[in-house]
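> Prediction below, plus the sequence it came from.
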2 protein chains.
Amino acid sequence: MMDLIDRLRAAVGAANVLTGDDMAPHLVDWRGRYRGAARCVVRPGGVAEVAAIVRACAAAGAPIVPQGGNTGLCGAATPDAGGDAVVLILARMNRVRSIDPENNTLTAEAGCVLATLRQAAADAGRLFPLSLAAEGSAQLGGNLSTNAGGVQVLRYGNTRELTLGLEVVLPSGEVWDGLRGLRKDNTGYDLKQLFIGAEGTLGIITAATMKLFPRPTAVATAWVAVASPRAAVGLLAALQDGFGPLLTACEVVSDVALGFVLRHIPGAARPLAASPWYVLVELSSGGDDAELRARLETFLARVLEAEQGSDAVLAQSEAQARALWALRENISEAQKIEGISIKHDVSLPISRLPVFLEQADAALAAAFPGLRVVAFGHVGDGNLHYNLSMPEAGDNAAFVAAQPAVNRIVHDLVHAHGGSISAEHGIGQLKREELLRYKSPLEMELMRAVKRALDPQGLMNPGKVL
Amino acid sequence: MMDLIDRLRAAVGAANVLTGDDMAPHLVDWRGRYRGAARCVVRPGGVAEVAAIVRACAAAGAPIVPQGGNTGLCGAATPDAGGDAVVLILARMNRVRSIDPENNTLTAEAGCVLATLRQAAADAGRLFPLSLAAEGSAQLGGNLSTNAGGVQVLRYGNTRELTLGLEVVLPSGEVWDGLRGLRKDNTGYDLKQLFIGAEGTLGIITAATMKLFPRPTAVATAWVAVASPRAAVGLLAALQDGFGPLLTACEVVSDVALGFVLRHIPGAARPLAASPWYVLVELSSGGDDAELRARLETFLARVLEAEQGSDAVLAQSEAQARALWALRENISEAQKIEGISIKHDVSLPISRLPVFLEQADAALAAAFPGLRVVAFGHVGDGNLHYNLSMPEAGDNAAFVAAQPAVNRIVHDLVHAHGGSISAEHGIGQLKREELLRYKSPLEMELMRAVKRALDPQGLMNPGKVL
């Protein structure tokens, strides 16, 4: 009987089974926080090869860890230290299978890089709206498996809402063809929902049919200085009342977060005098560009008059709009340069965001004097990235060691306000224990029942989520 | 040991356990197509009572059939003829638990009537967008369990996309509190997706947290005469390009369908000279009403100039808009008066709608000379109601007896074009056998695995869907 690696070589070709040092880039996550070991890394070239890999692993009892662009933040794509896992990477499955502009759909393989899909849609005169900082490396399969969010959720929804159909290799090695391009389909259980956001624990997503949209012809972008998170939430409500679905993005940035960008990102410049908080607003429509900008200008004049904001700048060109967006999108990079931090990716009912921030800031300041809070995120979705560090590198090491105590303060408050401890990054390895703390035993048992029903051998990405 | 009916009386009070003739309205579906029998009908007043009922039924091995407003079209809420089922009606659970206007959420019990929820949202200055012909009777729980569609899916999504959280009594009698008001929450499997659209086969939905939206301040409504389904699809694309998310509804109506309304609905009047097809367009925004109407007027002038449509009328008042909508919404009622018909609720990739209609019309005309096709629906969602009858009542009886042959023509074509045999009405009893024909054995087995995992005793609405 062939051993597993021989069977895998037979399935995908010897060149596509990596062992030894060749595996290195696939055994560590992007943040360098998780390191694992594996039997081998396999690179299938098509769905039949994925199915053959899964069957071989199932026969050998080998765990399978699927990996996309390896840009995740929770260690979901990194194998554990055991060394018996097979890491399955989808990068060779990078074909756009079809685009149907009239139906506004695109069908693509899981290994397609997000930016490529955005370009393919643009080439067909359409918009593929999923957009996030890592889009130059992140792959569709990973975005589906983590139900990625990004900056335009307010208008277009999370990855889940963008998905019409999936092709999945099940833990049995069978291929479920659920690729459909339908806006409405009520024929039984909506099985694709199981695999979206499951972080590879229920099967391997190999392709998907995604929604496309008309390309906006008008975009208006502004940066508004506001006094507080409460003012930011008030501005959001006014924007939603005034512009409804034309509001594409509404991002909040604290002055501390902006400060990191100004310090570390070449070319970054302050768009307005300093203020405790800022809101980045984007409208888009299928109408006239100048008219949309004029409407936003009128709106902002009223905002300043009503003292809902202290100052505002409206981008007058695409370059200016890009510069404003760069201030927002470079926060994570700037924070990485600034040094290690404790990160949280939380969501709250939007009505609770201000009180959560007041209470969390106060509780943390009391427990960790001098602490710096870097808060920013998608206020329109109630989603905050709430990152914490000490000003001095020396103090920071001890602070990071205190992560459990820090998490307790932040996550207990999130939970008390009906929020989520993982808004868009998922659970992976990072938050598996935290999950147990905040989910009811009944909900955990429901999840386990689903896991057992679909993956009775427990070989799909073990140790992640559950 | 008490018998089941005594236990149920103890749980909900004797007045809320109906037997004998009192059960009659709950043992037949709205179309009068399915008639069943039951042990009793119970009317719980709260989630604890629902849990007690489910526990009692589970202990007795009695099947449970949940029933909302009993407006479904597929017999999902009607018990079978066996007579051992307990019908559980949610009408007493009709409380709006909370509204959070700042978070744009509403939490309500499953027995709330849709129209009541729309009014409650309006009273809070918000829009609850789920709207359908039966909204005066349909209940939230039924709409969730069938993932109801309606006339504004194009803009706001199906019921599934409107749902942020659920409370569910599981087949074990345990209560899963999944009520959350979050736009983003990636903490493990998204369990609510299992229960939405499951037609009561996995548990009883007792409450939900639903999205609200700003109320549009401007609405523009028009009725456009077009030559063909292909022209209707072209008009849809032009509307999406021009208005993006301001396009709230795009409905298609054939002249035959309009003819039924004109014949049977008092006050109905032809808005334009006769044309083979019409498109009902609705735009809405948070801006100025006159301006939106003017934009639509300009757009329609271009449509007529380009001969994408032959004539158009723009509603000049809310009353005129309502009159146009009434033409669309009364089609089902008019068809009911006209006489029995074979109904189909199908969806297709929008790009395939025209060719499907050509092929289906031709195949049916060949097989059933003289047949009348009443086609209308949500062209923006690719969703057609495709209803068939003979002109003479005498011929119609024989025609309806030929339903299997008719379904084969229609559904085979739907399937060949990648469509769905149930776009928004669900499966229930009506399409259970059809489902087996078009779903792969693997997909059916996946559904059964989910069913077994959640409802191992098989007591939740047996004989529906699966």
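Ah, there it is. All figures in this text were calculated on a predicted structure; none of them were measured in a lab.
> Domain ranges for chain A, per the record?
Here the domain assignment for chain A is A:4-89, A:96-214, A:218-332, A:339-423+A:435-441, based on automatic domain parsing.
> I'd like the mean pLDDT over the strand or helix carrying A:His415, please.
For A:His415, the element it lies in under DSSP states H and E is helix A:403-416. The average of the pLDDT scores along helix A:403-416 is 97.
> and what of stretch A:91-100?
Mean per-residue pLDDT for stretch A:91-100: 98.
> And stretch A:382-394, by the same measure?
Averaged over stretch A:382-394, pLDDT sits at 91.
> Could you grab the helix/strand/coil label for the residue nearest to the spatial centre of chain A?
Nearest residue to the geometric centre of chain A (C-alpha atoms, centre = their mean): A:Ala148, 3.6 Å. Here A:Ala148 is recorded as coil under DSSP: H, G, I helix; E, B strand; the rest coil.
> repeat for A:Pro66
Under three-state DSSP, A:Pro66 falls in the strand class.
> That one: neighbour count?
27 (other C-beta atoms under 10 Å in any protein chain shown). C-beta coordinates here come from the backbone N, C-alpha and C atoms, glycine included.
> pLDDT value on it, please?
In this model, A:Pro66 carries a pLDDT of 98.
> before we move on, what about A:Met1?
On pLDDT, A:Met1 comes in at 50.
> Does anything pack onto the helix or strand bottoming out on mean pLDDT in chain A? Which helices or strands?
Within chain A, no helix or strand scores below helix A:393-401, which has a mean of 85 by mean pLDDT, DSSP states H and E. Under the contact definition 3 or more C-beta pairs under 8 Å, 6 or more residues apart in numbering or on different chains; DSSP states H and E, helix A:393-401 sits against strand A:383-389.
> rewinding a little: okay, buried residues for the next helix or strand after the helix holding A:His415 please.
For helix A:403-416, the following helix or strand on the C-terminal side (DSSP H and E) is helix A:432-438. Buried residues in helix A:432-438, counted by 16 or more other C-beta atoms under 10 Å in any protein chain shown: A:432, A:434-435, A:438.
> One more: stretch A:257-265?
Buried residues in stretch A:257-265 (16+ other C-beta under 10 Å): A:257-262, A:264-265.
> Which ones among those residues map onto helices?
Among the buried residues of stretch A:257-265, the ones falling in helices (DSSP state H) are A:257-262, A:264.
> Which single one of these is nearest to A:Cys74?
Checking these against A:Cys74 by C-beta to C-beta gives A:Ala257 as the nearest, at 21.1 Å.
> on that earlier part again, need the nearest residue in space to the residue nearest to the centre of chain A, chain neighbours excluded.
Once flanking residues are discounted, A:Ala148 sits nearest to A:Thr159: 4.7 Å by C-beta to C-beta, 6 or more residues apart in numbering or on different chains.
> contacting residues for the one you found?
A:130, A:143-144, A:146-149, A:196 (C-beta atoms under 8 Å, 6 or more residues apart in numbering or on different chains).
> now swap in A:Cys57 and tell me
Counting by C-beta under 8 Å, 6+ apart, A:Cys57 touches A:4, A:63-64, A:86, A:459.
> would TSV of those residues with neighbour count be doable?
TSV is the format used below for those (neighbours: other C-beta atoms under 10 Å in any protein chain shown):
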residue	neighbour count
A:Leu4	19
A:Pro63	22
A:Ile64	26
A:Val86	25
A:Leu459	20
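> Please identify which of these is nearest to B:Ala306.
A:Ile64 (54.4 Å).
> Could you pull up the residues touching that closest one?
A:Ile64 sits next to A:53-54, A:57, A:85-86, A:88, A:200, A:204, A:459-461 when contact means C-beta under 8 Å, 6+ apart.
> Return the closest of the buried residues of stretch A:257-265 with respect to chain B.
For these, the residue nearest chain B by C-beta to the nearest C-beta is A:Ala257; the value is 19.1 Å.
> A:Leu384 is in contact with that closest one, correct?
No - between A:Ala257 and A:Leu384 there is no contact under C-beta atoms under 8 Å: 10.9 Å.
> Now do the shared contacts for these two.
Counting by C-beta under 8 Å, 6+ apart, the contacts common to A:Ala257 and A:Leu384 are A:375-376.
> Skipping its backbone neighbours, what lies nearest A:Tyr278 in space?
A:Val253 (4.7 Å).
> Who does the one you found form a beta bridge with?
A:Val253 has these beta-bridge partners by DSSP bridges: A:Tyr278, A:Phe376.
> Against chain B, how distant is it?
Distance from A:Val253 to chain B, counting by C-beta to the nearest C-beta, to the nearest Å: 18 Å.
> Likewise for A:Gly20?
Taking C-beta to the nearest C-beta, one finds A:Gly20 at 35 Å from chain B.
> Same check on A:Val410?
15 Å.
> need the contact list for that residue.
A:Val410 touches A:344, A:346, A:360, A:364, A:386, counting by C-beta under 8 Å, 6+ apart.
> biggest separation within those, which pair?
Longest distance between any two of those is 13.4 Å, between A:Val346 and A:Leu364; criterion C-beta to C-beta.
> the more surrounded of those two?
For A:Val346 versus A:Leu364, neighbours defined as other C-beta under 10 Å are more numerous around A:Val346 (28 against 21).
> how many other residues sit next to the residue of the stretch 201-350 of chain A found nearest chain B?
Closest residue of the stretch 201-350 of chain A to chain B, C-beta to the nearest C-beta: A:Pro245 (3.5 Å). When counting by other C-beta under 10 Å, one arrives at 25 neighbours for A:Pro245.
> And for A:Arg92?
15.
> So it sits against A:Asn16, correct?
Yes - between A:Arg92 and A:Asn16 there is a contact under C-beta under 8 Å: 7.3 Å.
> Common neighbours of the two, please.
Common neighbours of A:Arg92 and A:Asn16 (C-beta under 8 Å, 6+ apart) are A:43-45.
> Save those as JSON lines, and put in secondary structure too.
Output for these, formatted as JSON lines (three-state DSSP):
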{"residue": "A:Arg43", "secondary structure": "coil"}
{"residue": "A:Pro44", "secondary structure": "coil"}
{"residue": "A:Gly45", "secondary structure": "coil"}
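> can you pick the most crowded of these?
A:Pro44 leads the shared contacts of A:Arg92 and A:Asn16 on contacts (other C-beta under 10 Å) with 27 neighbours.
> which residue sits closest to that residue in space, ignoring its chain neighbours?
Distances taken as C-beta to C-beta, 6+ apart put A:Val50 closest to A:Pro44, at 4.7 Å, once the chain neighbours are dropped.
> A helix includes A:Trp452, no?
One thing to correct before we go on: residue A:452 is Arg, not Trp. Yes - assignment of A:Arg452 by three-state DSSP places it within a helix.
> doesn't B:Ala453 make contact with it?
Yes - if you go by C-beta under 8 Å, A:Arg452 and B:Ala453 touch, sitting 6.8 Å apart.
> neighbour-wise, which of the two wins?
Using other C-beta under 10 Å as the criterion, A:Arg452 and B:Ala453 rank with B:Ala453 on top: 18 against 13.
> which residues of chain A score low on pLDDT?
By pLDDT under 70, the weakly predicted segments of chain A are A:1.
> looking at it, A:Ala268 is touching A:Asn330, isn't it?
Yes - using C-beta under 8 Å, A:Ala268 is in contact with A:Asn330, at 6.7 Å.
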